[in-house]
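Asker: When you get a sec, could you give me coordinates for this:
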Amino acid sequence: MQSPRRLSKSGVRLALAGAAIALAAGVLPATQASATADGKHGDPAVKPTIVLVHGAWADGSSWNRVVSRLQHDGYTVRVPPNPLRGVAGDSAYLASYLKTVPGPVVLVGHSYGGFLITNAATGNTDVKALVYVDAYIPAQDDTLNGLTAQFPGSHVTPDALDFVPSADSVVDAYLKPTKFHDIMANDLPARQTATIAAAQRPLAASTLDEPSGAPAWKTIPSWDVIGTADHAVPAAAQEFMAKRAGATVTKVRASHLSMISHPATVKDVIEDAARHTS
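Answerer: This next block holds a predicted model:
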């Protein structure tokens with residue numbers, strides 16, 4: 001994977017907030033998690049594997065409350081790690097990972113993870129549905145910065161970010177813990193948000209201007225959960241992208257972390273996608 005380009009503070013625009021992704025306190029490892037549970041509630045005769053992709057400033061534990069519900073309903077669930085180093089490299093990693101998953105797949109992405117599922121699923125005939133959760137749904141050549149700049153409403157400003165030089169001239173971007181609750185988790189308790197903020201993983205800042213490739217949603221049906229109280233990726237931006245992709249939309253009064261605050265709703269949408277594509 002190529003190292004992202006060096007990016008100065010001045011080059012990082014307001015849209016960095018849109019890349020902010022959920023991280024929830026929990027026990028699911030940051031590395032790959034895979035599990036299946038016996039259940040009597042799933043509908044498809046042959047259940048697809050559900051692959052959940054987290055985004056920046058997060059790890060797989062952001063999906064914990066959804067994972068347990070899907071397992072209860074008899075689904076096999078996998079939560080691979082997201083390298084958070086750039087659109088092309090992260091998508092290539094996910095595409096390679098998907099080749100290890102047997103049978104049909106419902107591929108789910110949160111926030112920046114939407115970029116990855118859009119790219120990694122292209123040309124993969126085993127991916128039967130795409131589900132976006134408070135996520136970007138990019139078209140070809142879209143960038144995180146470009147999409148977010150089209151719509152006002154993000155509560156993230158440049159002073160909400162911390163920049164930390166990393167290896168190979170990479171600049172990592174973090175959201176300041178004091179800004180996390182308002183921007184990311186305005187419907188969650190402050191104590192829970194503090195735990196999430198403390199454990200966040202950074203996004204390579206150069207990711208923000210990296211263009212997306214050919215979108216899988218042109219050939220794969222898609223679903224979208226939109227948090228109407230999202231202070232990171234404004235609901236208007238999510239609605240625009242969902243309409244463009246022809247996604248089946250479910251709206252919920254939630255922050256950017258609807259999989260944490262409304263896990264049952266997110267689970268239901270994923271299972272709806274599984275039923276309609278099995």
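Asker: Give me the distance between the residue nearest the centre of the chain and Val164.
Answerer: The chain has His110 as the residue nearest its centroid, 1.8 Å off, counting by CA atoms, centre = their mean. Distance, His110 to Val164, using CB to CB, to the nearest Å: 23 Å. Backbone N, C-alpha and C define where each C-beta goes, glycine included.
Asker: again, but for Ala274
Answerer: 39 Å.
Asker: more neighbours, those two?
Answerer: Higher neighbour count among Ala274 and Val164: Ala274, with 27 against 11, using other CB atoms under 10 Å.
Asker: And what about the more buried one, helix, strand or coil?
Answerer: Here Ala274 is recorded as helix under DSSP: H, G, I helix; E, B strand; the rest coil.
Asker: I figured it was touching Ala45, is that so?
Answerer: No: judged on CB atoms under 8 Å, Ala274 makes no contact with Ala45 at a distance of 11.1 Å.
Asker: So Ala139 sits against Arg244, correct?
Answerer: Yes: in terms of CB under 8 Å, Ala139 counts as a neighbour of Arg244; the distance is 6.6 Å.
Asker: can you pull out the helices in the stretch 1-150 of the chain?
Answerer: 64-72, 87-98, 113-120, 144-149 (DSSP state H, counting those that start in this stretch).
Asker: out of the ones you listed, deepest packed?
Answerer: helix 113-120 (a mean of 29; mean count of other CB atoms under 10 Å).
Asker: Quick one: work out the angle between it and helix 87-98.
Answerer: 70 degrees (axes from the mean of the first three to the mean of the last three CA atoms, to 10 degrees).
Asker: what's helix 113-120 in contact with?
Answerer: 21, 53-55, 82, 87-88, 90-92, 94-95, 98, 107-109, 130, 132, 135-138, 144, 212-217 (CB atoms under 8 Å, 6 or more residues apart in numbering).
Asker: what about 6 Å?
Answerer: Defining contact as CB atoms under 6 Å, 6 or more residues apart in numbering, one finds that helix 113-120 is touched by 53-55, 87, 90-91, 94-95, 107, 109, 130, 132, 135-138, 212-213, 215-216.
Asker: What about those residues, which are in strands?
Answerer: Members of these lying in strands (criterion: DSSP state E): Val53, Leu107, Gly109, Leu130, Tyr132.
Asker: Turn those residues into JSON lines, columns for pLDDT and neighbour count.
Answerer: Listed next are the ones in strands among the contacts of helix 113-120 as JSON lines, based on pLDDT from 0 to 100; neighbours: other CB atoms under 10 Å:
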{"residue": "Val53", "pLDDT": "98", "neighbour count": "31"}
{"residue": "Leu107", "pLDDT": "99", "neighbour count": "31"}
{"residue": "Gly109", "pLDDT": "99", "neighbour count": "29"}
{"residue": "Leu130", "pLDDT": "99", "neighbour count": "28"}
{"residue": "Tyr132", "pLDDT": "99", "neighbour count": "29"}
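Asker: which of those lies closest to Ala199?
Answerer: Closest to Ala199 out of the ones in strands among the contacts of helix 113-120 is Val53 (18.0 Å), distances taken as CB to CB.
Asker: Right, I'll call it a day here.
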